[in-house]
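> Give me a model of this one.
(one chain, ligands or ions: 2)
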Amino acid sequence: MIRTVATKPYDDQKPGTSGLRKKVPEFQQANYVENFVQSIFDALQGFEGKTLILGGDGRYYNREVAQKVIAIAAANGFGKVMVGQGGILSTPAASNVIRKYKAFGGIILSASHNPGGPHEDFGIKYNAENGGPAPEKLTDAIFACTKAIKEYKIADIAPIDLDTIGTVKAGGMTVEVIDSVADYAELMEALFDFDALRKLFKSGFRMRFDAMHAVTGPYAKEILEHRLGAAAGTCRNFKPLPDFGGHHPDPNLVHAKHLYDEMMGPDAPDFGAASDGDGDRNLIIGKGIFVTPSDSVAMLAANARLAPGYKDGLKGIARSMPTSGAADRVAEKLGIGIYETPTGWKFFGNLLDAGMATICGEESAGTGSNHVREKDGLWAVLLWLSILAARGESALQIVTEHWATYGRNYYSRHDYEGVDSDRANALVDELRAKLASLPGTTVRGLKIVNADDFSYHDPVDGSISEKQGIRILFEGNSRVVLRLSGTGTSGATLRVYIERYEADKAKHGIDTQVALADLIAAADDIAGIKRHTGRNKPSVIT
Ligand code: G6P
Ligand code: ZN
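Ligands and ions are numbered 1, 2, ... in the order given. Okay, here's the model as predicted:
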C-alpha cells in the first residue's frame, strides 16, 4: 500500500515569513507538493504513531493538497491525522487544536491574506507542538531537505470524505474529521464573559463583521450571531469561497474600504471588524475611527484585565520591531516587560512559552495572546467587544482617552509592491552601506540620532536573527524603518514604516499622512526610494 516514489529537488522551496507561498500553478508542478511535505517530515523526528493536525483556509487547491498530506503522513508513519471538516481550520483554530489534543504538530494550508484561485496564491506551513509556526532552525532544516530530496513516501488510499465528521482507517492510520469551529468557540467562551457580550448585543449594540469570503465566516457566524445573539446579518461575506469572491482577503483600508466607508458614514453601526484569508489578522474600525494595528495592541493590553481570561494581568507585551512604540508606553505604565522581535509571529513563540509575554502584536494587523501560538483575528474582535461592554464607552472614546493618557504614536506603512527584486536589493544594499554615516546628520530639518540594521537576540534560546530591518531613529523618538517583505510571491515588496510620537493632546487630531509628511520626505531623501523603485508613490498605504 505504501509507495516510494523517486523525485528531484526543486530549488525554490525556501519557507518565507510564514511558510512556503507560491502561485497555484507552481504548486501543481509534478511532485512539488509531495516534495515539500516529505521534506517537512524528513526534517522532523519522533512522530511515529503520533497525531498530525491538518486544515486550511479553504482556498483553491486546499482539498487536493489535504488529501496528499494525509496519504504522505500515513506512509511516513503518523498514527493519526485530525483534519478540519471540509479541510478547513482557521490558523488560530489549528493552533488551538494542536495544543488541545497534544498533537505532534500541524500542517496549515494557506497563503493568508493573498488572493486565491487557479492562478493565485497557495501556501503550506508547518506548526510545531506548541501550536506555533516552525522556528527558523526548523524551517532552515526543511529547506535543506527540499534541496536534497530523492524520494517521497505515499500511501495508496482512496480520497478521504472530508465533509463527514467521524473517524476512518486509511493506509494503516486513523483519520478523524473534526468540527472546524467547536474547539475554537469553546476556547473563546473560556476567555471572555459571553453573558456580558450577550447583554451588550441585547442592549441594541450594532456590529458589522466582514469575513471577506474567507475562513472566519463559519467561526464568526457561530460565535457572534448564534452564541452571542448579534443581529442576523451582522456577519457579511461569511461563505468561504475558493477564490474569496475574486477579492484580496486582506482586511486593510484598501481591500476592506467598503467597511471603512460604512463605519465613517451616517448610519454606521457601533463597531466594525474584518479578518483575513486564514483568520489570524484583524481590522478594527469603531464608529468614526479606524484603529491602527499598532494602537490596537496597546489599547488591548492596557484594558485586557476587563476580560476574565486576563483578569490577573499580563506578564509582558511583545511587538515586532516595525510596530509602533505605543505598546511600550503601556508596558512601562503597567510595570511589565516589553519585547521587540523581528517581523513574523514565530518569534513570539519562545516568549509566550516561557511565560514572559501574554499579549503580542504586529503592525501587519496581527494581535494575539498566550491562548494559542498564532495571532487571532476573532480573538482581537472579542477582546475589543469585551472592553467596550465593560467600559460602556465607544471605541472613539477609548482611543481618544488612550492617546490623552499615553500620547499618540502617529504611524503609517507605505508599501511598494511588485518592485523588481534587483532594484529593491540595490536600495537595501546602498542604504546598509551608508548607515554608519547617518547619525548626527540632519535631513529635512530632522536630526538622525541612530541608524542600524535590526538584529534580534532571542532572550529564551539565545538564537540570533540578523538583518531584520533597517531603522533610522530621529530626535524625539520619530522613526523610519525599511525592510523587504518575506511573504510576497512575485518580485519584491518594499515596506517603509513611519512613526512620530506626539505627547500633546491638542495635536492628536492631525491627519496621519500630514503628521508624517516630513518623515516620509526624509525617508525618500535617505534611501532613494523613488530613484530605485522608479515609482513616485506607494502602491498601498495603511
Ligand atoms: C504574516 C506573518 C506576520 C508578518 C506578516 C508580514 O502575516 O504571520 O507575522 O508580520 O506576514 O510579513 P512581511 O514579511 O510581508 O512584512
Ligand atoms: Zn493570515
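> count of residues packed around the residue of the stretch 401-542 of the chain found nearest ligand 2?
Relative to ligand 2, the nearest point of the stretch 401-542 of the chain is Thr487 (9.2 Å; C-beta to the ion). (Glycine included, C-beta is placed from N, CA and C.) A count of nearby residues for Thr487, using other C-beta atoms under 10 Å, gives 19.
> list the contacts for it?
Neighbouring residues of Thr487 by C-beta atoms under 8 Å, 6 or more residues apart in numbering: Gly16, Thr17, Ser18, Arg21, Ser112, Asn114.
> What parts of the stretch 151-300 of the chain come near ligand 2?
Asp276, Asp278, Asp280, Arg281 (C-beta under 5 Å from the ion).
> Just want the residue of this protein that's nearest ligand 2.
Counting by C-beta to the ion, the chain gets nearest ligand 2 through Ser112, at 3.2 Å.
> From ligand 1, how far out is the residue nearest to Ile510 when sequence neighbours are not counted?
The shortest distance from Ile510 to any non-neighbouring residue, by C-beta to C-beta, 6 or more residues apart in numbering, is to Tyr410 (7.3 Å). From Tyr410 over to ligand 1 the distance is 20 Å, taken as C-beta to the nearest ligand atom, to the nearest Å.
> which phi and psi does Tyr410 have?
Main-chain dihedrals, Tyr410, degrees, to the nearest 10: phi -60, psi 140.
> circling back: for ligand 1, tell me which of the contacts of Thr487 show up nearby.
Contacts with ligand 1 are made by Thr17, Ser18, Ser112 out of the contacts of Thr487, judged by C-beta under 6 Å from any ligand atom.
> The residues you listed, buried ones only, as a PyMOL selection?
For the buried members of the ones next to ligand 1 among the contacts of Thr487, the matching PyMOL selection, counting by 16 or more other C-beta atoms under 10 Å, is:
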select buried, resi 17+18+112
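> For my notes, please list the ones next to ligand 1 among the contacts of Thr487 in CSV and give secondary structure for each entry.
Formatted as CSV, these follow (DSSP: H, G, I helix; E, B strand; the rest coil):
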residue, secondary structure
Thr17, coil
Ser18, coil
Ser112, coil
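> Domain map for this protein?
2-179, 184-406, 408-541 (automatic domain parsing).
> need the ones you listed in TSV with mean pLDDT, can you?
Formatted as TSV, the domains of the chain follow (pLDDT from 0 to 100):
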stretch	mean pLDDT
domain 2-179	97
domain 184-406	97
domain 408-541	95
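> re the thing from before, ok, what's across the strand from the residue nearest to Ile510?
Per DSSP bridges, the residues bridged to Tyr410 are Arg500.
> follow-up on the earlier one: for Glu340, state which of the ones next to ligand 1 among the contacts of Thr487 is nearest.
Of all these, Glu340 sits closest to Thr17, with 16.7 Å by C-beta to C-beta.
> Quick check, the closest one in contact with Ser485.
Yes: counting by C-beta atoms under 8 Å, Ser485 is a contact partner of Thr17 at 7.4 Å.
> before we move on, back to that, any idea how far the residue of the chain closest to ligand 2 lies from Glu374?
Ser112 sits at a distance of 11 Å from Glu374 (criterion: C-beta to C-beta, to the nearest Å).
> do Ala155 as well
According to C-beta to C-beta, Ala155 stands 29 Å off from Glu374.
> And for Phe201?
Distance from Phe201 to Glu374, by C-beta to C-beta: 27 Å.
> cool, Leu446 as well?
37 Å.
> Could you tell me which residues of the stretch 201-350 of the chain lie near ligand 1?
With the criterion set to C-beta under 6 Å from any ligand atom, the stretch 201-350 of the chain comes near ligand 1 through Ser320, Thr343, Gly344, Trp345.
> Can you dump the C-alpha atoms of stretch 429-448 in PDB for me?
Once non-C-alpha atoms are left out, stretch 429-448 reads as follows in PDB (Å, rounded to 0.1, in the frame of the first residue of the first chain):
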ATOM      1  CA  ASP A 429      22.500  47.400  -0.100                       C
ATOM      2  CA  GLU A 430      23.100  51.100  -0.700                       C
ATOM      3  CA  LEU A 431      21.300  52.100   2.400                       C
ATOM      4  CA  ARG A 432      23.200  49.500   4.500                       C
ATOM      5  CA  ALA A 433      26.500  50.800   3.200                       C
ATOM      6  CA  LYS A 434      25.700  54.300   4.500                       C
ATOM      7  CA  LEU A 435      24.100  53.600   7.800                       C
ATOM      8  CA  ALA A 436      27.200  54.300   9.800                       C
ATOM      9  CA  SER A 437      27.500  57.800   8.300                       C
ATOM     10  CA  LEU A 438      23.900  58.900   9.100                       C
ATOM     11  CA  PRO A 439      23.900  59.600  12.900                       C
ATOM     12  CA  GLY A 440      24.500  63.300  13.600                       C
ATOM     13  CA  THR A 441      23.300  64.400  10.100                       C
ATOM     14  CA  THR A 442      20.100  66.400   9.600                       C
ATOM     15  CA  VAL A 443      17.600  65.600   6.800                       C
ATOM     16  CA  ARG A 444      14.600  67.900   6.100                       C
ATOM     17  CA  GLY A 445      15.300  69.600   9.500                       C
ATOM     18  CA  LEU A 446      15.100  66.200  11.300                       C
ATOM     19  CA  LYS A 447      18.200  65.100  13.200                       C
ATOM     20  CA  ILE A 448      19.200  61.500  12.900                       C
END
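> That stretch: how far from the chain's middle?
Taking the mean of its C-alpha atoms, stretch 429-448 sits 31 Å from the chain's own mean (C-alpha atoms, centre = their mean, to the nearest Å).
> got a list of contacts for it?
Stretch 429-448 is contacted by residues 449-453, 470, 472-475, 478, 482, 518-519, 521-522, 525-528, 532 when judged by C-beta under 8 Å, 6+ apart.
> Could you do stretch 455-468 as well?
135-137, 321, 339-343, 347, 350-351, 353-354, 356, 453-454, 483.
> got the buried residues for it?
Quick answer for stretch 455-468 (16+ other C-beta under 10 Å): Tyr456, Asp458, Gln468.
> Please apply the same query to stretch 168-179.
Those would be Ala170, Gly171, Met173, Val175, Val177, Ile178, for stretch 168-179 by 16+ other C-beta under 10 Å.
> Okay, and which of the residues you listed map to helices?
Among those, none falls in helices (DSSP state H).
> would JSON lines of the residues you listed with distance to Asp270 be doable?
Below are these laid out as JSON lines (distance: C-beta to C-beta, whole Å):
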{"residue": "Ala170", "distance to Asp270": "48"}
{"residue": "Gly171", "distance to Asp270": "51"}
{"residue": "Met173", "distance to Asp270": "49"}
{"residue": "Val175", "distance to Asp270": "44"}
{"residue": "Val177", "distance to Asp270": "38"}
{"residue": "Ile178", "distance to Asp270": "34"}
